[in-house]
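K.L.:
Here is a sequence with its predicted model. Questions after.
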Amino acid sequence: MTSVEHSEVQFGRTLIEYDIRRSSKRRTVAVTIFPAGNIILTAPTGASVERLDRVVHQKARWITSRLRSVRPFAQAAPQKEFVSGDSFLYLGRQYRLRVLAGPEEVRLDGGRLLVRAPEGRGRADRIRGLLVAWYRARAEDWLPARAQLWADRMGMTAPNVLVREQELRWGSCSANGVVRFNWRVIQAPARLVDYVVAHEVLHLRHPDHTKAFWSALGSVMPDVDSRRTALRGFGGRVDW
Ligand SMILES: [Zn+2]
């Protein structure tokens, strides 16, 4: 008879729980993920739980990605863990996250997105907060300038631009000349951001998706259909 041993390892925002099976025949540690999403470590009889935790930590990225593929309600987009090696999009370019200890800071550093945050409990959530603030600031920089440009091209007055945490939409507009954008849009390539911007700005003149709306948009953006289609495939990748 063996009693069931159990341990857990925190990786970013995910708590990886696993059961341990011991075997006197084993010399190495093997990780198995079952279709139901349970994780079993098969280990030599004498291996310490600390050692097994280290193995799980080393394989954590692989384990979390496997878990997402076997669990039935896994999100289409890979969930971010907010640890070094995570991948983030900014204006369509991919950046690897590099997390360092130190006073809070976010900046682009060559091909990397560098975040400094103090170590300790709740660090992943803190890093997420820092990144959201950084993306929002970039969006507040970028979107008003693009709204101005597309308003000029369409012979309209530049609108007031607000950046918000809207859940389901890229952008919206209101009758008082204000357009609102979801900060997440700044992850998309610039040509798709421009599609969202021009679309919302034009709504100030044509509130509905009438023929006149689409023909006015097509006259300043001839490839509007391909941008619209590309944006549809993009939604799942930017929600975190
Ligand atoms: Zn619309």
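P.N.:
That came in fine, so what should we check first? Numbering: from 1, shown residues only.
K.L.:
May I have the longest strand anywhere in the chain exported as CSV, CA atoms only?
P.N.:
Across the chain, the longest stretch assigned as strand under DSSP state E is strand 14-23. In CSV, the C-alpha atoms belonging to strand 14-23 read as follows (Å, rounded to 0.1, in the frame of the first residue of the first chain):
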residue,chain,number,x,y,z
THR,A,14,-0.8,29.2,-12.0
LEU,A,15,-0.7,26.8,-9.1
ILE,A,16,0.5,23.5,-10.4
GLU,A,17,-0.7,20.7,-8.2
TYR,A,18,0.6,17.2,-8.6
ASP,A,19,0.5,13.7,-7.2
ILE,A,20,3.7,11.6,-6.6
ARG,A,21,4.0,7.9,-7.4
ARG,A,22,7.2,6.2,-6.1
SER,A,23,8.9,3.3,-7.8
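K.L.:
So which bits of that strand are buried?
P.N.:
14, 16, 18, 20 (16 or more other C-beta atoms under 10 Å). No exception for glycine: its C-beta is placed from N, CA and C like everyone else's.
K.L.:
In a markdown table: those residues, plus distance to Q79.
P.N.:
Converted to a markdown table, the buried residues of strand 14-23 look like this (distance: C-beta to C-beta, whole Å):
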| residue | distance to Q79 |
| --- | --- |
| T14 | 8 |
| I16 | 13 |
| Y18 | 19 |
| I20 | 26 |
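K.L.:
Of all pairs in those residues, which one is the farthest apart?
P.N.:
Distance extremes for those: the farthest pair is T14 and I20 at 18.9 Å, using C-beta to C-beta.
K.L.:
Now do the strands in the chain.
P.N.:
Using DSSP E, strands in the chain cover 5-11, 14-23, 30-33, 39-44, 87-90, 93-100, 105-109, 112-116, 160-164, 171-174, 178-182.
K.L.:
Which one of those lies nearest to G233?
P.N.:
Checking the strands of the chain against G233 by C-beta to C-beta gives strand 87-90 as the closest, at 13.1 Å.
K.L.:
where do the helices sit along the protein?
P.N.:
49-58, 60-70, 123-153, 190-203, 211-220, 224-232 (DSSP state H).
K.L.:
which parts of the third one are buried?
P.N.:
Within helix 123-153, the residues scored as buried using 16+ other C-beta under 10 Å are 123-124, 126-128, 130-131, 134-136, 138-139, 142-144, 146-148, 150-151.
K.L.:
ok, back up a step: adding distance to A216 and mean pLDDT, write the strands of the chain out as TSV.
P.N.:
Formatted as TSV, the strands of the chain follow (distance: least, C-beta to C-beta, whole Å; pLDDT from 0 to 100):
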stretch	distance to A216	mean pLDDT
strand 5-11	49	85
strand 14-23	47	87
strand 30-33	52	91
strand 39-44	55	92
strand 87-90	30	94
strand 93-100	31	96
strand 105-109	36	96
strand 112-116	37	98
strand 160-164	20	93
strand 171-174	14	84
strand 178-182	16	92
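K.L.:
looking at those, which is buried most?
P.N.:
Of all the strands of the chain, strand 178-182 has the most neighbours on average by mean count of other C-beta atoms under 10 Å, namely a mean of 21.
K.L.:
just how off-centre is that one within its chain?
P.N.:
From the chain centre to the centre of strand 178-182 is a distance of 20 Å (C-alpha atoms, centre = their mean, to the nearest Å).
K.L.:
what angle separates that strand from helix 190-203?
P.N.:
If you take axes from the mean of the first three to the mean of the last three C-alpha atoms, to 10 degrees, strand 178-182 sits at 150 degrees to helix 190-203.
K.L.:
quick one, strand 178-182 and strand 160-164 angle?
P.N.:
Interaxial angle, strand 178-182 versus strand 160-164 (the same axes, to 10 degrees): 30 degrees.
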